[in-house]
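K.L.:
any chance you can model this:
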Amino acid sequence: MKAPNFTLADQNGQPHSLGQYAGKWLVLYFYPKDETLECTAEACNFRDARQDIANLPHVEVVGISKDSVESHKAFAEKHQLNFTILSDPDHKTIEAYGAWGLLGTKRQTFIIDPDGKIVKRYQDVNPEIHAQEIIRDLKILQG
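P.N.:
This next block holds a predicted model:
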């Protein structure tokens, strides 16, 4: 399945589009809210695994929630996050990926291949070990 396009602002107010990641593997993870227990655990898990992820060829990690750019900036600074977080306040991108539910954003992750196709979807995410699952699966997907 082709990944839905998006253009959203990051924690510094800079726009990011799906097309910017063409030719790379993109780990696109959706989470409900900055500064909540599980969302912080997941973000810090990705932060701590950053070097292992960087050792894989051409991989970027991007988080998305409906929180504001300002909220993302404070969240990223407080927890020293070393990856991009995008703001989707009207949750159109979240909905396009099927990560919107009755209670808001569902914790889901997608691996998008260099051709822009979704090759893996995670619907039941354990925030404490999710980055390690991603690394394992990327190694398999990259052959």
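
K.L.:
then residue 132 would be within a helix, right?
P.N.:
Yes. Residue 132 forms part of a helix when assessed by DSSP: H, G, I helix; E, B strand; the rest coil.

K.L.:
list the contacts for the closest residue to it other than its chain neighbours?
P.N.:
Of all residues not flanking residue 132 in the chain, residue 49 sits nearest, at 6.7 Å (CB to CB, 6 or more residues apart in numbering). Backbone N, C-alpha and C define where each C-beta goes, glycine included. Going by CB atoms under 8 Å, 6 or more residues apart in numbering, residue 49 touches 131, 132, 134, 135.

K.L.:
how many neighbours does the last one have?
P.N.:
Around residue 135 there are 16 other residues, counting by other CB atoms under 10 Å.

K.L.:
most neighbours of all the contacts of residue 49, which one?
P.N.:
residue 134 (26 neighbours).

K.L.:
show me what contacts it?
P.N.:
Neighbours of residue 134 in contact, by CB under 8 Å, 6+ apart: 27, 49, 53, 109, 111.
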